[in-house]
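J.: here is a sequence with its predicted model. Questions after.
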Amino acid sequence: MGAAAPWIILKAVRIVAATILLLALMAVPAGSIMADQTDSRLDDLFARLKSDTDQQAVRGIEMSIWRIWIDSGDDVIETLMAQGLAAMARADYPAALGKFDQIVAIAPDFAEGWNKRATVHYLMGSYPESLFDIDKTLALEPRHFGALSGRGLVYIELGKEELALESFEAALKIDPSLPGARRNAEVLRKRLKDREI
């Protein structure tokens with residue numbers, strides 16, 4: 001395994017965490033009040049994310065942010081999102097991609113549609129497509145720590161470790177206790193420092 005071992009471990013942890021998150025987000029009721037990346041509650045949640053030191057509270061804040069991001073307030077998009085998340089949870093990535101393709105076509109200003117499609121592209125190994133969708137996500141929601149962390153993972157796959165580190169550090173500026181981004185940044189800093197010696 002050698003030098004590749006940290007990335008294999010981190011990818012496995014990310015897939016397990018993503019599955020747990022997907023299952024939790026599937027419980028969001030369709031047709032609830034309008035939210036998404038423009039929701040006014042996000043400003044307070046992001047401020048708390050930077051200041052709270054209790055890890056259990058931070059995880060709750062993150063989940064609240066994800067629930068707001070995923071809620072389009074549109075029944076059609078909510079149905080497509082639930083179908084796409086279910087397909088992702090069972091690793092049926094082509095089916096998930098089809099659902100997220102429909103979401104971004106119907107609602108191009110809905111950041112989470114782009115983010116979920118970026119995730120599917122990443123899982124399918126379609127890295128340029130994933131980066132395209134991450135850019136769309138971040139244009140709509142620059143504080144999207146999930147998209148920033150995802151961009152770091154894509155750059156790792158592309159062998160662009162300096163850009164990966166920049167992405168993880170950008171995610172940590174928004175969510176300082178984000179565990180995956182923190183671990184990945186630590187590994188990258190060490191690798192890049194060792195390379196200089």
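T.: Structure received.
J.: contact partners for the residue nearest the centre of the chain?
T.: Residue closest to the average C-alpha location in the chain (C-alpha atoms, centre = their mean): Gly146, at 2.8 Å. Neighbour list for Gly146: 66, 115 [criterion: C-beta atoms under 8 Å, 6 or more residues apart in numbering]. Every C-beta, even on glycine, is put in place using the N, C-alpha and C of the backbone.
J.: what mean pLDDT does the strand or helix carrying it get?
T.: Assigning secondary structure by DSSP states H and E places Gly146 in helix 145-157. Averaging pLDDT along helix 145-157 gives 96.
J.: and Asp54, what are its phi and psi?
T.: phi -80, psi 120 (degrees, to the nearest 10).
J.: and Ile103, how many neighbours?
T.: Counted with other C-beta atoms under 10 Å, the neighbours of Ile103 add up to 24.
J.: low-confidence regions, the protein specifically.
T.: Within the chain, the segments meeting pLDDT under 70 span 1-35, 196-197.
J.: what are the boundaries of the helices in it?
T.: Assigned by DSSP state H, the chain shows helices spanning 5-25, 41-51, 55-70, 75-89, 93-106, 111-123, 127-140, 145-157, 161-174, 179-196.
J.: my guess is Ala147 meets Ala139, correct?
T.: No. The pair Ala147 / Ala139 is not scored as a contact, 10.1 Å apart, by C-beta atoms under 8 Å.
J.: just the helices of the chain: most buried one?
T.: The highest average neighbour count among these, using mean count of other C-beta atoms under 10 Å, belongs to helix 111-123 at a mean of 26.
J.: only alpha carbons, please: show that helix as CSV.
T.: The C-alpha coordinates for helix 111-123 follow below in CSV (Å, rounded to 0.1, in the frame of the first residue of the first chain):
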residue,chain,number,x,y,z
ALA,A,111,-26.6,24.8,-5.2
GLU,A,112,-27.2,21.4,-3.7
GLY,A,113,-28.3,20.0,-7.0
TRP,A,114,-24.9,20.8,-8.4
ASN,A,115,-23.1,19.6,-5.3
LYS,A,116,-24.9,16.2,-5.3
ARG,A,117,-24.1,15.8,-9.0
ALA,A,118,-20.5,16.7,-8.3
THR,A,119,-20.4,14.0,-5.7
VAL,A,120,-21.8,11.4,-8.1
HIS,A,121,-19.2,12.4,-10.7
TYR,A,122,-16.5,12.0,-8.2
LEU,A,123,-17.7,8.5,-7.2
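J.: just how off-centre is it within its chain?
T.: Using C-alpha atoms, centre = their mean, to the nearest Å, the mean C-alpha position of helix 111-123 is found 8 Å from that of the whole chain.
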